[in-house]
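missing the sequence, but the structure's below:
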């Protein structure tokens with residue numbers, strides 16, 4: 001497949017605006033400005049583009065909600081808080097192809113009639129901050145940003161806001177709270193950000209990868225874009241593969257590529273000739289799949305049918321040497337640490353799960369612990385302000401569904417025959 005999002009990133013000067021323009025960069029802005037804002041949204045609608053942040057919500061539908069709101073100003077916020085463990089798909093765009101994101105945001109801002117945009121960048125990406133700031137300055141100098149873009153009486157201002165490393169700020173309302181200078185905690189919904197977002201104004205929050213698809217949609221048209229991938233999940237997708245594979249990295253493939261092909265065809269299979277044991281298909285907050293369940297299409301519609309989710313597209317591969325009890329314990333230590341503490345099910349539930357898993361992993365597990373884990377996940381699921389609690393519960397639920405025998409063995413024998421440190 002032709003590279004769209006990762007186009008030209010092998011060029012050592014790919015972040016420079018002149019190199020971007022050589023490959024047709026910023027031409028889509030001119031094309032979009034020849035259209036009415038509502039027609040740009042219609043092109044995105046016909047493309048079938050879904051949000052790439054994890055939820056997979058139809059992008060144009062979200063845009064139409066904000067566009068229909070009569071309040072002004074409207075804000076466009078790019079979620080570049082790539083905090084999901086195992087996820088690094090947005091980083092190549094931020095560091096190697098920043099003008100693609102900027103162009104996507106200018107077009108999206110025009111469609112939404114939003115004059116102000118923010119890139120909310122995770123604090124652990126300092127290099128990306130410098131690159132984005134430089135790219136924004138270059139775009140402004142070339143009149144792709146500012147008060148009167150290309151002389152078309154279109155205004156769009158863009159700046160980078162750097163977060164402080166909180167995982168919770170990947171959730172859009174917590175991100176908005178942080179952007180406003182408040183503690184990063186999720187809001188109650190409704191109202192939704194499309195109507196009451198940043199500074200109580202209509203706000204669209206889209207992921208880096210989502211916005212970076214927009215210039216290509218305008219360039220080739222929504223109908224042509226919809227032919228990439230699958231009918232109900234269209235376009236290219238960035239899959240980041242890590243763990244026990246021969247060739248870890250970021251792979252741009254059609255949406256709906258088979259998980260087995262991603263691991264064995266593109267990432268080179270399991271290293272050191274070991275056997276595959278398990279895969280977290282969409283980051284640490286997606287339920288695990290055992291080795292015999294990887295013949296599935298990696299898209300937003302298909303993955304739930306296989307008992308997991310596409311999530312961010314972060315494929316974490318584990319070989320036969322991995323202890324799943326230890327994986328679950330490490331995951332819950334992370335979720336407990338990153339819980340904002342706003343709601344009781346998440347604040348107390350993550351700590352309780354971590355405590356029980358730690359007991360089992362250290363050889364002090366008791367009869368009834370597995371049942372207790374299941375009860376806690378049932379209480380947490382669907383009862384938290386944001387998906388963090390659901391993600392934590394889903395990790396444990398998936399592990400018990402497919403690897404219950406390992407938990408039982410830990411409790412029965414008091415030790416593990418495997419080691420995750422290899």
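Arrived safely, thanks for sending. Bear in mind the structure is a predicted one, so any value in this text is a computation, not a measurement.

would you mind pulling up the elements that the helix or strand containing residue 252 packs against?
Residue 252 belongs to strand 249-254 when elements are defined using DSSP states H and E. Under the contact criterion of 3 or more CB pairs under 8 Å, 6 or more residues apart in numbering; DSSP states H and E, strand 249-254 touches strand 236-243. Every C-beta, even on glycine, is put in place using the N, C-alpha and C of the backbone.

for the strand it packs on, name the packing helices and strands.
So strand 236-243, by 3+ CB pairs under 8 Å, 6+ apart, packs with strand 249-254, strand 314-319.

report the inter-axis angle for the last one versus strand 249-254.
So that's strand 314-319. 120 degrees (axes from the mean of the first three to the mean of the last three CA atoms, to 10 degrees).

sorry, back to before: in the strand holding residue 252, what's buried?
250-254 (16 or more other CB atoms under 10 Å).

again with stretch 309-323
Buried-residue list, stretch 309-323, by 16+ other CB under 10 Å: 309-319, 322-323.

helix/strand/coil for residue 76?
Assigned with DSSP: H, G, I helix; E, B strand; the rest coil, residue 76 falls in the strand class.

dump the residue contacts of it.
105, 108-109, 112, 114, 116-118, 203-204, 206 (CB atoms under 8 Å, 6 or more residues apart in numbering).

which of the buried residues of stretch 309-323 sits closest to residue 30?
Nearest to residue 30, judged by CB to CB, of the buried residues of stretch 309-323 is residue 313 at 31.2 Å.

to what extent is the closest residue to the closest one other than its chain neighbours buried, counted in neighbours?
Spatial nearest neighbour of residue 313, excluding adjacent residues (CB to CB, 6 or more residues apart in numbering): residue 239 at 4.7 Å. For residue 239, the neighbour count with other CB atoms under 10 Å is 25.

what does residue 330 give?
Neighbours of residue 330 (other CB under 10 Å): 18.

in a markdown table: the helices and strands packed on strand 236-243, plus mean pLDDT and distance to residue 229.
Shown next, in a markdown table, are the helices and strands packed on strand 236-243 (pLDDT from 0 to 100; distance: least, CB to CB, whole Å):
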| stretch | mean pLDDT | distance to residue 229 |
| --- | --- | --- |
| strand 249-254 | 98 | 5 |
| strand 314-319 | 98 | 17 |
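
let's have those in CSV, adding distance to residue 58.
Listed next are these as CSV, based on distance: least, CB to CB, whole Å:
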stretch, distance to residue 58
strand 249-254, 18
strand 314-319, 22
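
and those strands: which comes nearest residue 153?
strand 249-254 (35.7 Å).

the stretch 101-250 of the chain: strands as residue ranges?
Using DSSP state E, counting those that start in this stretch, the strands of the stretch 101-250 of the chain run over 116-121, 157-162, 203-207, 236-243, 249-254.

let me have the ones you listed in a markdown table, extended by distance to residue 47.
Shown next, in a markdown table, are those (distance: least, CB to CB, whole Å):
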| stretch | distance to residue 47 |
| --- | --- |
| strand 116-121 | 21 |
| strand 157-162 | 23 |
| strand 203-207 | 14 |
| strand 236-243 | 11 |
| strand 249-254 | 14 |
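
please identify the most buried of those strands.
Highest mean neighbour count among the strands of the stretch 101-250 of the chain (mean count of other CB atoms under 10 Å): strand 203-207, with a mean of 26.

what is the orientation angle of that strand with strand 116-121?
40 degrees.

can you tell me the SS state at residue 13?
coil.

is it true that it touches residue 19?
Yes: using CB atoms under 8 Å, residue 13 is in contact with residue 19, at 4.9 Å.

ok, the two, which is more surrounded?
residue 19 (16 against 10).

any idea how far the more buried one is from residue 135?
Separation of residue 19 from residue 135 (CB to CB, to the nearest Å): 11 Å.

for residue 203, same thing?
Residue 203 is 23 Å from residue 135, by CB to CB.

one more: residue 222?
With CB to CB as the criterion, residue 222 and residue 135 are 26 Å apart.

who has more neighbours, the two?
Using other CB under 10 Å as the criterion, residue 222 and residue 135 rank with residue 135 on top: 23 against 20.

now do the same contact list for the nearest residue to residue 282 once chain neighbours are set aside.
Nearest residue to residue 282, sequence neighbours excluded (CB to CB, 6+ apart): residue 311, at 2.3 Å. Taking CB under 8 Å, 6+ apart, we find residue 311 in contact with 54, 84, 281-283, 285-286.

assess the claim that residue 205 and residue 81 are in contact.
No: the pair residue 205 / residue 81 is not scored as a contact, 10.3 Å apart, by CB under 8 Å.
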